[in-house]
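Undergrad: What would the 3D arrangement of this be:
(chains A and B)
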Amino acid sequence: MKRTLILALLLAFIMPAALFAAAEAEAVEEEMVLNWNLGADPKTIDPGLNGATDGGDIIANTFEGLVVERNGVVKPGIAKSWDVSADGKTITFHLRESKWSDGSDLTAHDFEYAWKRALAPETASEYSWLWEYTNVVNSTAASMGEVPVDEVGVKALDDYTLEVKLVAPTPYFVSLTSFYHFGPVKQSAVEAGPEGAWAKDPSIYVSNGPFVLTSYVIGDGLTLEKNPYFWDAANVQIDKINVKFIDEASTAYTAYNAGDFDFLNDVPPAEVPKLIAENPEYYIFPLLGTYYYNFNMDLDMFQDANVRRALALSIDREQIVEVLAGGQVPAPGFVPPGFPDHNGEDFFETAGNYGIETDDSQFAEAKKLLAEAGYPDGKGFPKFVLMYNTSEGHKLVAEMVQEMWKTNLGLDVSLENQEWAVFQDTRKAGDYEVSRGGWITDFLDPSGLLAIFTEGNAYNDPNFNNPAYDAAMNRALTATTDAEHYEALYEAQDILMTELPVVPVYHYTDAMLSSPAVKGWSRSQLSGTDFRYATVNR
Amino acid sequence: MGRYFFRRFLYSLLTIWLIASVTFFMMHAIPGGPFTREKAIPDEILRVIEAKYNLDAPLYEQYFDYLKGLVTFDLGPSFQKVGTSVNDLIVAGFPNTAKVGFFAILAIIVIGVPVGIVSALKQNKPLDYIVMFGATLGVTIPSFVIATVYIYIFAGKLGWVPPFGLRNAVSYIGPMIALSGYSLSFVARLTRSSMLEILRADYIQTARANGLSEYSVIAKHAVKNAVIPVITYLGPTIAAIMTGSFVVERIFAIPGIGRYFVESVTNRDYTTIMAVTVLYATIYVFMVLLVDIAYALVDPRIRFEKEKA
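TA: Purely as a prediction, here's the structure:
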């Protein structure tokens, strides 16, 4: 008995010692290394399969599409240039000569393969629905298996020319090709590791961006190293990026302060106000998305537009944004800042506020509107429930809105939360009165946001059916000139903000913390953080 | 004895099968699925994806497919980590969880039991009070508080330990404390009260009256009986600790399987839900069996089969 105990104790001391002996043997080399905490272990880092921001961050550093978008500006990527036909329905991309990370040539055929694979039903990519918005000939039908992918309007005319046929002019199509879903993948690699397994297996991994994957440990981290075959490798400074998957922000932040990380995608919410005030290396970027509440337009109580307007006017968005303290932008309309229109002016600025102030100045007017609708001081208005998906952040906003509607309008609002997946079912079924909504777009055009409120759209949660709105959106999507396109979009948002089937609350932001040692990184509004030209000088 | 264990083994399999079946049908009964997203996937595309993973088949068919996979140890693809099989997730994560769990359990036994015994022997003395005060704290302070405070002080302020991961021997201390804190304190209390009861028993008085040394009274007679309730408690505890903790693994950033117990449900990652549930159930059932064997070794009054008439 005693002997076993001693043995056990001995083991207890020897085992960890042996474990760390191996870890200690770290080589000290003079290479430029970046230590980056990504957050969660991404679901996939295969461009065609990915549908999440964490995967997008890795893909932004490992793959390069036809074009590259940085801070909203579209630049040539693998495509040196492109031509758009006079009718706007044919786009021809001229590719540069470039190579895959295994040294083989990257051609237009690789893009044709990658795109057709991404939309094919058997690939089961979560993002294959995006093809509906590309207007590429037959792409939607092919994504549902109704026509063979060979009939999709994407064709490599030769090794360095890719032709795309569209059913209607699509001004944002070129910028869309910067999105990870449209990245090239190499057929032999994809087939060697089905279901995206190749993208996590360094022995068969092939990419074409500034970095390549050299290790992947499930739940722990991955390593990226400089890709010598990248077309612009001469300008890539960093040799190695160590990526960790720590999803607990407070642990990652402690590690950052201890010097273990140079870059964090996420910081603990409690630290945000201090970081905004004191740390110039804490960056806040607008995201192309909006946080809003849906009114269930099928219910009698929300039939009167004055009622909806009263509810919208009585929310002090500035106070909400102040409490959230993440640099969010109060939302008077649905389209966030960051979309230049045909005159090069920001859509958000030009659209104005539709007479909806984002502060507390219109409470009296709201009260008057509600009285005109027949509910003086909220008397006689039915009790209703504001529903959101379970989260501390959503709860906080919901409580503030509840309080504002109660104090300013005298309405009896109760709150209810549901677990995320349950909530989505409830909202989709229209089984609510007021519900939380959020939408972030995937392409550099306001139609990515506004299209969701057209009749029959899968995300039209308020069930807003307005023929004038649908007509405006239809004109926007079939317009042949930029001017026509944007004018129709302005008109659509006018209708949306007059009818108010939703109350926009704020526009999302994204924040990241960089060590002062890291310089020169850039960010794509659609695809994540890019370290290709960054340097790390400790 | 052999026949008894064979029967018990069959019962164990039956238990695991029942747990797997109940979990399977409950999991499919809750709203949402592995492809429920903020950007809800249009129905047509969703149908295509579901067909690919056979999620459009009748439930009973999916159930039998699942059972077939289970007996051949093929747990299927993970929906949350595409291109990775659930087998890979478990193989990658379980060793990390088990390593930390092993040390935590060792701490519970090696520290918890002796502390409880000493505390009982020094009943109502200052040492006893100190130990019981510590044990009360250990039972009441949640592990996420211990873990967060530990990292804040020892990694953040003092820099004595790495802030995350299992990088060296020192890095095991934090997860071990957070993981074992509750059970260690509980075991200490349990041992103490059980010991106090035994010390008052007649046979202990008899042993003393027979002139046995105090050491052999305590070590040979009292302790052996006092640990029986501890063994009962340890069985399920070992199963729970060996399968990890969501909170502890998340805060210390340990790439184990504990996180999957929560994440798989949130994500409706059906295959992973089933895998971790069955793994836990199996270890649990096995531990309960071990506890029964341990009883027989410690307490000669317990027999596995009826005495022959």
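Undergrad: To what extent is residue A:464 buried, counted in neighbours?
TA: Residues lying near residue A:464 (other Cβ atoms under 10 Å in any protein chain shown) number 22. Backbone N, C-alpha and C define where each C-beta goes, glycine included.
Undergrad: Secondary structure class of it, three-state.
TA: coil (DSSP: H, G, I helix; E, B strand; the rest coil).
Undergrad: Test my guess that it contacts residue A:500.
TA: No - checked against Cβ atoms under 8 Å, the pair residue A:464 and residue A:500 is beyond contact range at 9.5 Å.
Undergrad: Quick check: residue B:89 touching residue B:272?
TA: Yes - contact criterion Cβ under 8 Å: residue B:89 and residue B:272 qualify, at 6.5 Å.
Undergrad: which neighbours do those two share?
TA: B:78, B:260 (Cβ atoms under 8 Å, 6 or more residues apart in numbering or on different chains).
Undergrad: Pick out whichever of those two has more residues nearby.
TA: A count of neighbours by other Cβ under 10 Å puts residue B:272 above the other of residue B:89 and residue B:272, at 28 against 25.
Undergrad: Please report how far the more buried one lies from residue A:350.
TA: Distance, residue B:272 to residue A:350, using Cβ to Cβ, to the nearest Å: 48 Å.
Undergrad: And the residue of chain B found nearest chain A, which helix or strand is it part of?
TA: Nearest residue of chain B to chain A, counting by Cβ to the nearest Cβ: residue B:32, 2.5 Å away. Residue B:32 belongs to no helix or strand when assigned by DSSP states H and E.
Undergrad: Can you list phi and psi of residue A:177 for me?
TA: With angles defined as degrees, to the nearest 10, residue A:177 sits at phi -70, psi -10.
Undergrad: Next, count neighbours for it.
TA: Other residues close to residue A:177 by other Cβ under 10 Å number 28.
Undergrad: what's the closest non-adjacent residue to it?
TA: residue A:66 (4.3 Å; Cβ to Cβ, 6 or more residues apart in numbering or on different chains).
Undergrad: what does the stretch 151-300 of chain B have sitting close to chain A?
TA: The stretch 151-300 of chain B comes close to chain A at residues B:151-152, B:155-156, B:159, B:162-172, B:250-253, B:255-256, B:259, B:266, B:268, as judged by Cβ under 8 Å from any Cβ of the partner chain.
Undergrad: Just the buried residues from these, in ChimeraX please.
TA: In ChimeraX syntax, the buried subset of those is picked out as below (16 or more other Cβ atoms under 10 Å in any protein chain shown):
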select /B:151,155,156,162,163,164,165,166,167,168,169,171,172,250,251,252,253,255,256,259,268
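Undergrad: can I assume residue A:436 sits in a helix?
TA: No - with three-state DSSP as the criterion, residue A:436 is assigned strand and is not in a helix.
Undergrad: Cross-check the contact I'm expecting between it and residue A:398.
TA: Yes - the pair residue A:436 and residue A:398 qualifies as a contact (Cβ under 8 Å) at a distance of 7.1 Å.
Undergrad: Need the overlap of contacts for the two.
TA: By Cβ under 8 Å, 6+ apart, residue A:436 and residue A:398 have these common neighbours: A:386, A:388.
Undergrad: Give me the buried positions along stretch A:254-272.
TA: Result for stretch A:254-272 [16+ other Cβ under 10 Å]: buried residues A:254-256, A:260-267, A:272.
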